[in-house]
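Student: build me a model from this:
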Amino acid sequence: MSFSDAVASFNSEVDAAVSRARRAAAEAREQSGRFRESAPASGEATDPALRAEAVRFRTGQGLPVGDEPVETPPVPQSSDEDEDFSQEQIMHRF
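Tutor: The predicted structure is shown next:
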């Protein structure tokens, strides 16, 4: 194999890897978008049947079950253009 053949082969492999990465990123964005659309809006009450199932699961696992849902601060919505990984945003997401 000559040097030019090796370079061409390498470039072909890199192009294929970049294509796979772009396809995976697009699929992940699509899946995330579907999940966000199906998730209840912030402040929306949880379905009583789902809450009862959660209580059964937590009780079965020996986990504490509170009477009232725990209030968590709202998570700021991020966009694909927002790549700010400041400490404040990271702390609010988790």
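Student: residue ranges with poor pLDDT in the chain?
Tutor: 40-45, 68-94 (pLDDT under 70).
Student: out of all of them, which helix in it is the longest?
Tutor: Identified as the longest helix of the chain according to DSSP state H is helix 3-38.
Student: following element in sequence after it, please.
Tutor: Going down the chain from helix 3-38, the next helix or strand is helix 48-60, by DSSP states H and E.
Student: using CSV, list the CA coordinates for that next one.
Tutor: Extracted as CSV, the C-alpha positions of helix 48-60 are listed here (Å, rounded to 0.1, in the frame of the first residue of the first chain):
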residue,chain,number,x,y,z
PRO,A,48,-52.3,9.5,40.7
ALA,A,49,-51.8,6.0,39.2
LEU,A,50,-48.1,6.8,38.5
ARG,A,51,-47.6,8.3,41.9
ALA,A,52,-49.1,5.2,43.5
GLU,A,53,-46.8,2.9,41.5
ALA,A,54,-43.8,5.1,42.6
VAL,A,55,-44.9,4.7,46.2
ARG,A,56,-45.1,0.9,45.9
PHE,A,57,-41.7,0.8,44.2
ARG,A,58,-40.0,3.0,46.9
THR,A,59,-41.7,1.1,49.7
GLY,A,60,-40.6,-2.2,48.2
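Student: flag every buried residue along that helix.
Tutor: Neighbour counts over helix 48-60 (16 or more other CB atoms under 10 Å) mark no residue as buried. C-beta coordinates here come from the backbone N, C-alpha and C atoms, glycine included.
Student: quick one: list the elements packing against that helix.
Tutor: Using 3 or more CB pairs under 8 Å, 6 or more residues apart in numbering; DSSP states H and E as the contact test, no helix or strand touches helix 48-60.
Student: I'd like the numbering to begin with 51 instead of 1 from here.
Tutor: Will do, 51 is the new start, and the previous item becomes helix 98-110.
Student: contacting residues around that helix?
Tutor: Outside helix 98-110, the residues that touch it by CB atoms under 8 Å, 6 or more residues apart in numbering are T96, P114, V115.
Student: what about the last one, how many neighbours?
Tutor: Right, the one you point to is V115. Counted with other CB atoms under 10 Å, residues neighbouring V115 total 10.
Student: now the first one
Tutor: Residue crowding around T96 was assessed by other CB under 10 Å; the count is 11.
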